[in-house]
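> here is my input, please return the structure:
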Amino acid sequence: MEKPLIDTTPVTLKVSGTLSLHALIQPQACGAVLINGHVHVGLSKAVDKALGFLPWLIRTQIKGGLIQRRLEGTRFHFVIPNLFTLITDVSSEGVLNLEKRYHIPLVRPIAQNETHGIFKAFGKGLAESGLKPYDPEHIDVFLSGLRRKDQGNLPFLALFEGKGIHTTERQTPSVEGLELQDLRVSQDKAGDLLIEFDAKGRLQGH
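Have a look, this model is predicted:
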């Protein structure tokens, strides 16, 4: 029995929010799938939200005078001195490692709630973007680790393994065997973390 022809029209996957994703999924006639895109960790937005009860001018002065951002290789430090330190690192396999340190205990529940909301919103955005079947397990395990020991690992490619894109216009076969081909970590104009990636996989059944 001949395999069905593959629709090679590229598909865009987008998730907006503090943690955002933009990926271009390109099926190939041979059954391979090329994926390239970026993940943006907009921590400046999260700080804006946390300080949202303050007037804009005061909020801007606090952010400008306190927040420190630095990138060392793939390791990104987001620091509010005497309050909070967030360290993220991305492995060559595409695993996001996140570690939080609290310099004042009262900051912990606020930061925990904010982090939980950011990643839950990201998962909801993936489901709403058409990623099917969506499974929240990887994000839930990651958040559980953060709650218990302020450290967690999130394998990003695993979020897409065995999933297809279902929209009103189109349904793609599931993608399997995802492997990271290239990873580039940088800072955007605001100093926030930008992770660009290229990955490759195959359409299930091809």
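> switch to C-alpha atoms for all contacts and neighbour counts from now on
OK.
> give me the buried positions along the lengthiest strand in the chain.
Under DSSP state E, the strand in the chain containing the largest number of residues is strand 175-187. Neighbour-count burial for strand 175-187, counted by 16 or more other CA atoms under 10 Å, picks out 175-176, 178-180, 183, 185-187.
> which helices and strands sit right next to that strand?
strand 193-203 (3 or more CA pairs under 8 Å, 6 or more residues apart in numbering; DSSP states H and E).
> so where's the chain shaky on pLDDT?
Flagging of the chain using pLDDT under 70 yields the residue ranges 1-4, 45, 47-65.
> can you do 90?
Low-confidence segments of the chain (pLDDT under 90): 1-7, 42-69, 78-85, 92-94, 102-115, 167-171, 190-191, 205-206.
> which stretches in it count as strands?
Secondary structure of the chain, counting by DSSP E: strands at 11-15, 19-27, 32-41, 68-72, 75-80, 84-90, 95-102, 131-132, 151-155, 164-165, 175-187, 193-203.
> what sits closest to I87 if chain neighbours are left out?
H77 (4.7 Å; CA to CA, 6 or more residues apart in numbering).
> picking that back up, nearest to I118, of the strands of the chain?
Smallest distance to I118 across those (CA to CA): 6.6 Å, for strand 19-27.
> in its sheet, which strands sit next to that closest one, and in what direction?
strand 11-15 (antiparallel), strand 32-41 (antiparallel) (DSSP bridges).
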